[in-house]
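> Here is my input; please provide its structure:
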Amino acid sequence: MLSQEDGKKTEEVRNIYQRASCTFVPIQRPTVRLWYAKFEESLGHSDVADDILEAILMNLPGHLEVIIELTNLHRRSRGVDAAIQTLRAYVNGADLSPYVRGALVAEWARMMSEINGKPDEASHQDQYLDCRPFWLKWFFFEVNQPARDAKDQKQHYQRVKAVYDTVRQRSNLPLATIKDMTAYYLTYLQERGPSDAMQEVMELDKEVNGPASVQKRAKQEGMLDGGDGVVPQESAVAVQPVNGQGAGAGY
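Residues are numbered from 1 along each chain as shown. Next up, the predicted model:
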């Protein structure tokens, strides 16, 4: 009796999702359909969930949230390799904006490292110099890598610094993002940086918050130069002073 009642309620919920998806909510607003897919997966119907997500992507082929949802569905139902193949297919085949493609590459990198243990296979960062999700994910992807001994810690620092330096010197990211990344990097230096990390903190502070002559010299030496073009001075880096010459640390 209880099983019949549960089955009746399940079918009622399914009918609600189907009516909302087919009648009341346009496919350009996929939230209801995403939850419909989750509902079917929770009942063990991963194939139905897959069909729902694929149907959304037929109409919204570049929808980032739906692609990520489909990837995670494949990871849960088919395994990590299948999820990575899904990401690879969309990155290489779909007509995506640079923003969405960069975010997918970052997700691909995260999955390769954190789940499949292959961090060196994700190396497309130079293609996405104006994609905020890519750089934020890539930065924390590197920060979260394990560093078990002195050698690992040195390599870890070099990889994190390389990401930050690229953001600062070469990216086309908005000022607010660069400010956030700078704050994250300074926090990383203080909490997990090498023995001479404070020297870098002080030097960075001078370069971005010191007198105009210091900032001008840093620019001439390439510290604020964007490689393919000079990053506007006001967009290079802006963080709270930390050397006692200003208002104090802001993180």
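
> can you map out the helices along the chain?
Counting by DSSP state H, the chain has helices at residues 2-19, 31-42, 46-59, 64-78, 80-93, 98-114, 132-143, 150-169, 175-192, 197-209, 212-220, 233-236.

> for these, which one sits closest to Val25?
With C-beta to C-beta as the criterion, Val25 lies closest to helix 31-42 of the helices of the chain, at 4.8 Å. From N, CA and C alone the C-beta is placed, and that goes for glycine too.

> quick revisit: can you redo the helices of the chain as TSV, where the extra columns are distance to Val25?
TSV is the format used below for the helices of the chain (distance: least, C-beta to C-beta, whole Å):
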stretch	distance to Val25
helix 2-19	9
helix 31-42	5
helix 46-59	12
helix 64-78	14
helix 80-93	24
helix 98-114	22
helix 132-143	26
helix 150-169	38
helix 175-192	33
helix 197-209	47
helix 212-220	52
helix 233-236	40
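
> Can you lay out the ones you listed as CSV showing mean pLDDT and mean neighbour count?
Written out in CSV, the entries for the helices of the chain read as follows (pLDDT from 0 to 100; neighbours: other C-beta atoms under 10 Å):
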stretch, mean pLDDT, mean neighbour count
helix 2-19, 82, 11
helix 31-42, 95, 18
helix 46-59, 96, 17
helix 64-78, 95, 19
helix 80-93, 89, 16
helix 98-114, 81, 21
helix 132-143, 85, 21
helix 150-169, 90, 16
helix 175-192, 88, 17
helix 197-209, 82, 17
helix 212-220, 55, 14
helix 233-236, 34, 16
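
> what's the closest non-adjacent residue to the residue nearest the centre of the chain?
Central residue of the chain (C-alpha atoms, centre = their mean): Lys137, 2.8 Å from the mean position. Distance criterion C-beta to C-beta, 6 or more residues apart in numbering; nearest residue to Lys137, sequence neighbours excluded, is Ala106 at 3.6 Å.

> The one you found against Phe139, yeah?
No - applying C-beta atoms under 8 Å as the test, Ala106 and Phe139 come out as separate, 9.5 Å apart.

> OK, contacts around Val32?
17, 20-21, 25 (C-beta atoms under 8 Å, 6 or more residues apart in numbering).

> Confirm for me that the residue nearest to the centre of the chain is in contact with Ala103.
Yes - contact criterion C-beta under 8 Å: Lys137 and Ala103 qualify, at 7.2 Å.
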